[in-house]
Every structure is written in structure tokens, then in C-alpha cells.
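> below: sequence and its predicted model.
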Amino acid sequence: KAGVTQTPRYLIKTRGQQVTLSCSPISGHRSVSWYQQTPGQGLQFLFEYFSETQRNKGNFPGRFSGRQFSNSRSEMNVSTLELGDSALYLCASSLEGGVDGAFFGQGTRLTVV
Amino acid sequence: SQQGEEDPQALSIQEGENATMNCSYKTSINNLQWYRQNSGRGLVHLILIRSNEREKHSGRLRVTLDTSKKSSSLLITASRAADTASYFCATDRNSGNTPLVFGKGTRLSVIA
């Protein structure tokens, strides 16, 4: 069974630009959650999509958005990038929102310069 | 804000020793999970303990849960250099479809 695939693995962007990250969950999983990981703040929850609907949202500004497609693949977008957006972005795939365990991708390392 | 807080923040032990990490949380939960992360990579699910369970084993891992104290511990027995990683606890609040909330983790170093 293929794991969770995140693309790209690494990105370097300039302040003010926008970026789109992609996550392909495990086949059959309907829930995709996104997390931002930084050394100072740890793992911060961004949002969760379940069957194409945003079911939960963390405390991030509106520059952070996401969506989920009918095949459960998800994308997150960050507009008007700031230096503080540099982080490892992790996607987690699960059947019902992670309550019975979640499978993580390898992450996308975003560097904003 | 973090629901779970791991303690200690960092732990360094010799190969063959046991490693114990603790997690405290704030609200009622459905279950508590432990994850492991090797440097800069994704998290790997280790073990899940439900709120009505007190202890669970999986290989060299032993997890305990004390809901009265809102705390959990992860014991890794006979540690190996390959156990070097960061370990996180994650909880979901006992109220509907809430997301997993992670602590800041314990950084374990196992010295060969």
C-alpha cells in the first residue's frame, strides 16, 4: 500500500510570493490534515479536510488556505509569503481524522528568503 | 496552543538502557497516541492508548495512561542507537471530530 506522498520535498521562495503544496493520502483515506512544524512552535495544526470539506481549522491567518479534491488529494496554499512561514509542512492521512492513528508524509521543507 | 506537553525536552542515554518520556495534557480525551520523528522527516505512529485503558505494550514500547492525572508515559526498553529520534504525544479532545494536537516532543539520543 503506497504511503502518503507530499510534493515537492523542498522549496525556496521569496517573500511576497505564493506557494502551493500537494499531498496524496493513502488510498481509501478521506481525511487529510496539515501541520506546520518549526523549532520554536513545534507542530501546529493548520486545517483538516474530510470528503472535500474543511472540517477543522487551526489558528492561522487567512493567507493559509487549502482544498481537497474528489480523489482525496489535498493542496495547501500560502499567499504573500513571510520569512516566518519557513517551516516543515506535514500532511497526515487517516480514515476518520486521526483518532485511530494518522499516517504522515515526509513533509515539504519551505524556506522563504 | 499545545494540548500535550512532553517531559523531558531532551534525554540522552546509553544503548541498552531504558528511556522514559512523559506527556501531560489539559482536557478530556478519546485516546492518546505516541509518534516518532527522525530528523526532518515525517512522523511515524507508534502506539495508541484509549481513555479506558491504563497500559499497553507493543514490542519494546510500553505506554501508560492516567486519566485522573491527565498524563501518559512512554517507556522504551533496551534502547538502541536507532531509537534516536524525537517522540511526540498527540491527543484528540473528547468532543466530536477534533484534530490531533501534538506536544513539542522529547528529543531522545541513544549513545552506542
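Noted; the coordinates are in hand.
> can you classify B:N97 as helix, strand or coil?
On the three-state scheme (DSSP: H, G, I helix; E, B strand; the rest coil), B:N97 is labelled coil.
> from chain A, how far out is it?
As judged by CB to the nearest CB, to the nearest Å, B:N97 and chain A stand 5 Å apart. C-beta: built from backbone N, CA, C; applies to glycine.
> could you double-check that that residue sits in contact with A:S51?
No - taking CB atoms under 8 Å as the definition, B:N97 is not a contact partner of A:S51, at 11.5 Å.
> so B:L74 is in which element?
For B:L74, the enclosing helix or strand under DSSP states H and E is strand B:71-76.
> got the contact list for that strand?
Residues outside strand B:71-76 that contact it (CB atoms under 8 Å, 6 or more residues apart in numbering or on different chains): B:18-25, B:32, B:34, B:46-47, B:49, B:60-66, B:83, B:87, B:89, B:108.
> again, but for stretch B:104-111
A:42-43, B:2, B:5-15, B:19, B:21, B:37, B:76, B:79-88.
> mind listing what's buried in that stretch?
Buried residues in stretch B:104-111, defined by neighbour count with 16 or more other CB atoms under 10 Å in any protein chain shown: B:104-108, B:110.
> same check, this time on stretch A:33-47
Of the residues in stretch A:33-47, A:33-37, A:42-47 count as buried by neighbour count, 16+ other CB under 10 Å.
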